[in-house]
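S.K.: okay, here's the prediction I keep looking at, along with the sequence it came from:
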Amino acid sequence: MPFRTPGWDEGTCRQVFAVLIDSTHRKWFLGTAIVGSLALAVYLLWAARTPGGLTGGSFLGLWYGVLGSALMVYAGMLSALRKVPRWTWLGARKTWLRGHIWLGLLSCVFLLCHSGFHLGGPLEFSLWIIYLLVLVTGIYGLFMQWLMPRMITVRVPCEAPYEQIPHICLVMRQKADDLVDAICGPHDPGAAQPENTMGAVQFATSGKLQLREFYERDVRPFLDPRVPREAPLLNPLIAESRFSKVRALPDLVDARDSIGELARLCEERRSLAIQTRLYFWLHSWLLVHIPLSVALLVLGVAHVVTALFY
C-alpha cells in the first residue's frame, strides 16, 4: 500500500484537474455558432446595401464594436471574479468560465465586423495582434486542459492536492529518516565516508554503512520538496537497480521490508515530481494569457478614447 499522509487519503486521491470542454458546453457552442452566424449575415447583408460598405463609425459598425467590447470585458472579468469568491450573487464560477470561453470567441465576430475586416492604423493593428495572441494562448490553454488530465491519469496513479506537495514530501522524508535510523542507528556524518584503508574495509563489509551512505547521498535529497533535476532516482530503472543492490547486502536481510518501504516512498516522490511538472505545463500558459488580456483591455480603452476625441 503506497504511503499516505494526513489529508491525503483515498477521499482526496482523485483527479484534481477537470477537462474544461465537455457535454455541458454543447449549448454554449450552439448558441455561439448561431449568434455569430446571424451577426455575420446581418453585417454582410447591410454592407452589401450600403454604398462604399460599412465602417466602424457607422451605426451598425458602432454597435458591433460596443457588443464586441462588452463581450471582451465580460470575458476579462473572470479573473476579477476569482478574487471575490464570496460574491455568489454574480453566478456560478463554472457559468462564468463557460462564458469566458465562448463569449470571448464570439467577440471576435463582432470586432471583425466592427473593423470592416481591416487592420486599421498602428493602434488598431497592435490591438489586433494582442487580441489574436489572447485567442491563441486561450485555445492553447483549452488544449492543455484537455490533454493534461489524461496524462496525469496515466502517469500519476494517485494525485495529491498541489499545495500540499511540499508538506507531503517533508512527511515522507521524516518517515524515511525514522526507517533508516531504526536500521542503522542515529546518523553519524563521519561514519559513512571511509578515511583510510581500515575504514574502507569496514565500509565494504557493512551493509548498514552502505545503506546509510546511499540514503544520505541519493534518497534523502530525492525526498526534498525541491528534488534536484539530476537526481538519479528520478529514473525508475536506476532506482530499482540501486535498491536491489541494497536489499542484497547480507547483513540487511532482516531489514528488507523497511528497505522496500523506503523504495515505495521514493516511488511516491517520483510520482509527485511528475505531477508537479505536468501541473506546470497545465497552468504556465496563464503567465502569458493574463498579461496579454490586461494589455488588450488597456489598448481597447485607448482605441475607444482616440475614436471619440480624435
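M.R.: Sure, I can see it. Residues are numbered from 1 along each chain as shown.
S.K.: how about the secondary structure of His118?
M.R.: The three-state label given to His118 by DSSP: H, G, I helix; E, B strand; the rest coil is coil.
S.K.: isn't Leu282 right up against Arg150?
M.R.: No - using C-beta atoms under 8 Å, Leu282 makes no contact with Arg150, being 11.4 Å away. (Each C-beta comes from the backbone N, C-alpha and C, glycine too.)
S.K.: more neighbours: these two, which one.
M.R.: The neighbour count for Leu282 versus Arg150, taken as other C-beta atoms under 10 Å, is higher for Leu282 (20 against 12).
S.K.: ok, that one to Pro291 distance?
M.R.: Per C-beta to C-beta, to the nearest Å, Leu282 is found 18 Å from Pro291.
S.K.: using CSV, list the CA coordinates for the host helix or strand of Leu308.
M.R.: Using DSSP states H and E, the element containing Leu308 is helix 286-309. Backbone C-alpha positions of helix 286-309 (Å, rounded to 0.1, in the frame of the first residue of the first chain) are rendered in CSV as follows:
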residue,chain,number,x,y,z
LEU,A,286,-1.6,31.7,-17.9
LEU,A,287,1.6,33.6,-17.3
VAL,A,288,1.3,34.8,-20.9
HIS,A,289,-2.5,34.8,-21.3
ILE,A,290,-3.4,37.0,-18.4
PRO,A,291,-0.8,39.8,-19.1
LEU,A,292,-1.9,39.8,-22.7
SER,A,293,-5.6,40.1,-21.6
VAL,A,294,-4.7,43.1,-19.4
ALA,A,295,-2.8,44.7,-22.3
LEU,A,296,-5.8,44.1,-24.6
LEU,A,297,-8.2,45.9,-22.2
VAL,A,298,-5.8,48.8,-21.9
LEU,A,299,-5.4,49.1,-25.7
GLY,A,300,-9.1,48.7,-26.1
VAL,A,301,-9.8,51.7,-23.9
ALA,A,302,-7.2,53.7,-25.7
HIS,A,303,-8.9,52.8,-29.0
VAL,A,304,-12.3,54.0,-27.7
VAL,A,305,-10.8,57.3,-26.4
THR,A,306,-9.0,58.0,-29.7
ALA,A,307,-12.1,57.2,-31.7
LEU,A,308,-14.3,59.5,-29.7
PHE,A,309,-12.0,62.5,-29.3
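S.K.: what mean pLDDT does that helix have?
M.R.: Helix 286-309 comes out with an average pLDDT of 88.
S.K.: can you check stretch 127-143 too?
M.R.: So the average pLDDT for stretch 127-143 ends up being 91.
S.K.: stretch 224-244 now?
M.R.: Mean predicted lDDT for stretch 224-244 stands at 90.
S.K.: got the contact list for that stretch?
M.R.: With C-beta atoms under 8 Å, 6 or more residues apart in numbering as the test, stretch 224-244 has contacts from 165-166, 169-170, 173, 214, 218-219, 221-222, 259, 262-263, 266-267, 269-270, 273.
S.K.: please enumerate residues in contact with the helix holding Leu308?
M.R.: 56-57, 69, 72-73, 75-76, 79, 123-124, 126-127, 130-131, 133-134, 137-138, 141.
S.K.: how about it: buried residues?
M.R.: 289, 292-293, 295-297, 299-300, 303 (16 or more other C-beta atoms under 10 Å).
S.K.: so where's this structure shaky on pLDDT?
M.R.: 1-21, 80-91, 188-205, 310 (pLDDT under 70).
S.K.: grab the nearest non-local neighbour of Ala47.
M.R.: Leu54 (4.6 Å; C-beta to C-beta, 6 or more residues apart in numbering).
S.K.: and Met144, by the same measure?
M.R.: Met144's closest residue in space is Leu282 (C-beta to C-beta, 6+ apart), at 5.5 Å.
S.K.: can you tell me the element that neighbour falls in?
M.R.: helix 256-283.
S.K.: that helix packs against which elements?
M.R.: helix 122-155, helix 165-184, helix 236-247 (3 or more C-beta pairs under 8 Å, 6 or more residues apart in numbering; DSSP states H and E).
S.K.: give me the helices and strands touching the first one, please.
M.R.: What that stands for is helix 122-155. Short answer (3+ C-beta pairs under 8 Å, 6+ apart): helix 122-155 packs on helix 93-114, helix 256-283, helix 286-309.
S.K.: please name whichever of the ones you listed is nearest to Ala160.
M.R.: Nearest of these to Ala160, taken as C-beta to C-beta: helix 256-283 at 6.3 Å.
S.K.: got the buried residues for that closest one?
M.R.: 258-259, 262-263, 265-273, 275-276, 278-279, 282.
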